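Engineer: Curious how this folds, go ahead:
(one chain, ligands or ions: 1)
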Amino acid sequence: VTWRFALEEIEGSVQHAYAEALKESIEELSDGKILLDIFPYGSLGTSAQLTELAKNGSVNLAFASPGHLADQIPEVGVFTLHYLLSDDGEVNRQLLASPELMAMFETPYASRNLKLLAFVPEGWMAWTANKPLRTPADFEGLRIRTMTSDMAAATYRAYGAKPSQTPYSQVYSDLQLRQIDAQTNPIFAIEEMNFYEVQSTLTDARPAQFISSLVTNGDWYKALPAKQQQWLDSALAEVAEVSWKTQEELNQTRLESMLEAGDIKVVRLTESERAAFAEASKPVHQDYMDATGERGSEILKRIRQLVETLESRAQT
Ligand code: 6CS
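Structural biologist: Residues are numbered from 1 along each chain as shown. Predicted coordinates for the structure are as follows:
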């Protein structure tokens with residue numbers, strides 16, 4: 001059989017590297033009985049459209065980033081909150097791979113007939129604009145593009161910005177035509193989508209990890225023959241390990257190549273500058289709890305606890 005896998009990113013991206021690794025793994029495990037057909041961004045539609053295709057079974061696997069998906073599954077908007085996860089990448093990796101965390105999202109995804117297969121961290125979010133963004137005051141009136149959910153925009157609104165919630169494919173031209181002033185994405189994406197060509201400054205603020213989720217149609221997954229389900233589960237476990245390394249490498253090498261080309265200036269925020277943003281973003285953590293009720297509040301509380309536990313373990 002052939003399974004279709006839809007990506008929210010173009011060839012050469014973190015999602016593409018993940019898909020290639022999954023393809024190799026599952027084709028090998030199944031001895032060629034399962035083939036993976038990969039559809040990079042552009043061919044099938046926007047992120048929101050890909051989620052619909054996954055729900056109705058037109059594709060079997062799809063990436064659905066919380067920054068878009070939170071409009072349908074508010075709980076997953078927790079990953080759009082700023083200064084919640086650890087500064088220690090390894091802690092975040094462990095957190096996102098934790099079966100306990102995955103289990104907390106099972107019901108919210110299932111209520112949309114989606115099955116959550118994995119959270120995939122893709123690197124730190126950065127901000128690009130035509131000026132450095134060192135303080136929340138620098139965001140006053142700034143037209144910044146965020147992902148399409150209201151939750152992805154909320155923190156920027158709290159900083160005083162005027163967010164514009166548009167599909168990924170529209171960002172470059174909106175920057176070029178000055179419909180927007182700024183955007184936020186991980187470094188590898190800023191390079192491969194050429195945003196650095198139309199922005200002068202990259203502010204490295206590390207407010208959050210860019211996290212995506214890998215989803216499938218719940219009924220399709222349940223109906224899979226046991227062997228196929230096992231192959232899929234094993235392949236996902238195999239790929240989780242390599243994908244973390246891949247994103248680190250891609251983010252690093254693309255930063256270097258942008259710096260070498262000299263098209264964009266990089267401003268790294270100090271800890272106290274980051275702390276001012278953390279403070280300004282705090283009310284949005286409360287907004288998240290108000291919007292998601294008991295279940296979301298429990299998720300937020302547990303993530304904070306897990307980060308703390310994993311961080312103290314990392315120090316010993
Ligand atoms: O900004 C976005 O909309 C997109 N950014 C990345 C890095 N991946 C997918 C997402 O849709």
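Engineer: What are the boundaries of the helices in the stretch 51-200 of the chain?
Structural biologist: Per DSSP state H, counting those that start in this stretch, the stretch 51-200 of the chain carries helices over the ranges 66-69, 89-97, 99-104, 106-110, 150-158, 171-176, 187-192.
Engineer: between those helices, which gets nearest to residue 278?
Structural biologist: Distances from residue 278 to each of those were compared using CB to CB; the shortest belongs to helix 150-158, at 10.6 Å. Quick note: C-beta positions are derived from backbone N, CA and C, even for glycine.
Engineer: could I get the helices of the stretch 51-200 of the chain as CSV with mean neighbour count and distance to the ligand?
Structural biologist: Formatted as CSV, the entries for those read as follows, by neighbours: other CB atoms under 10 Å; distance: least, CB to the nearest ligand atom, whole Å:
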stretch, mean neighbour count, distance to the ligand
helix 66-69, 27, 6
helix 89-97, 19, 16
helix 99-104, 13, 20
helix 106-110, 16, 18
helix 150-158, 22, 9
helix 171-176, 17, 7
helix 187-192, 25, 4
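Engineer: closest to residue 79 out of those helices?
Structural biologist: When the helices of the stretch 51-200 of the chain are ranked by distance to residue 79, counting by CB to CB, first place goes to helix 66-69 at 4.2 Å.
Engineer: List the neighbouring strands of the strand ranked longest in the chain plus their orientation.
Structural biologist: In terms of residue count, the longest strand belonging to the chain (DSSP state E) is strand 114-129. When sheet partners are counted by DSSP bridges, strand 114-129 sits next to strand 182-186 (antiparallel), strand 201-204 (antiparallel), strand 209-217 (antiparallel).
Engineer: Restrict stretch 48-62 to CA atoms and write it as PDB.
Structural biologist: This file holds the C-alpha atoms of stretch 48-62, laid out as PDB (Å, rounded to 0.1, in the frame of the first residue of the first chain):
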ATOM      1  CA  ALA A  48      -5.500  24.300   7.800                       C
ATOM      2  CA  GLN A  49      -6.400  22.700   4.500                       C
ATOM      3  CA  LEU A  50      -3.900  19.900   5.200                       C
ATOM      4  CA  THR A  51      -5.600  19.200   8.500                       C
ATOM      5  CA  GLU A  52      -8.900  18.800   6.700                       C
ATOM      6  CA  LEU A  53      -7.300  16.400   4.200                       C
ATOM      7  CA  ALA A  54      -6.000  14.300   7.100                       C
ATOM      8  CA  LYS A  55      -9.500  14.300   8.800                       C
ATOM      9  CA  ASN A  56     -11.300  13.200   5.700                       C
ATOM     10  CA  GLY A  57      -8.700  10.600   4.800                       C
ATOM     11  CA  SER A  58      -7.400  12.200   1.500                       C
ATOM     12  CA  VAL A  59      -4.000  12.000   3.100                       C
ATOM     13  CA  ASN A  60      -2.900   9.500   5.700                       C
ATOM     14  CA  LEU A  61      -0.400  11.500   7.600                       C
ATOM     15  CA  ALA A  62       0.000  15.300   7.900                       C
END
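Engineer: Buried residues in it, which are they?
Structural biologist: Neighbour-count burial for stretch 48-62, counted by 16 or more other CB atoms under 10 Å, picks out 48, 50-51, 53-55, 59-62.
Engineer: Then stretch 5-14?
Structural biologist: Of all the residues in stretch 5-14, those buried under the rule 16+ other CB under 10 Å are 5-10, 13-14.
Engineer: near the ligand, from the residues you listed?
Structural biologist: 8-9 (CB under 6 Å from any ligand atom).
Engineer: Output the buried residues of stretch 5-14 as CSV; include the columns pLDDT.
Structural biologist: Shown next, in CSV, are the buried residues of stretch 5-14 (pLDDT from 0 to 100):
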residue, pLDDT
5, 98
6, 98
7, 98
8, 98
9, 98
10, 98
13, 97
14, 97
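Engineer: so of the buried residues of stretch 5-14, which ones are in helices?
Structural biologist: Taking DSSP state H, the ones among the buried residues of stretch 5-14 that sit in helices are residue 14.
Engineer: And the buried residues of stretch 5-14, which is closest to residue 215?
Structural biologist: residue 6 (10.0 Å).
Engineer: Isn't that closest one up against residue 63?
Structural biologist: Yes. Taking CB atoms under 8 Å as the contact criterion, residue 6 and residue 63 are neighbours in contact, 7.2 Å apart.
Engineer: Need the residues touching each of those two.
Structural biologist: Both residue 6 and residue 63 are contacted by residue 50, under the criterion CB atoms under 8 Å, 6 or more residues apart in numbering.
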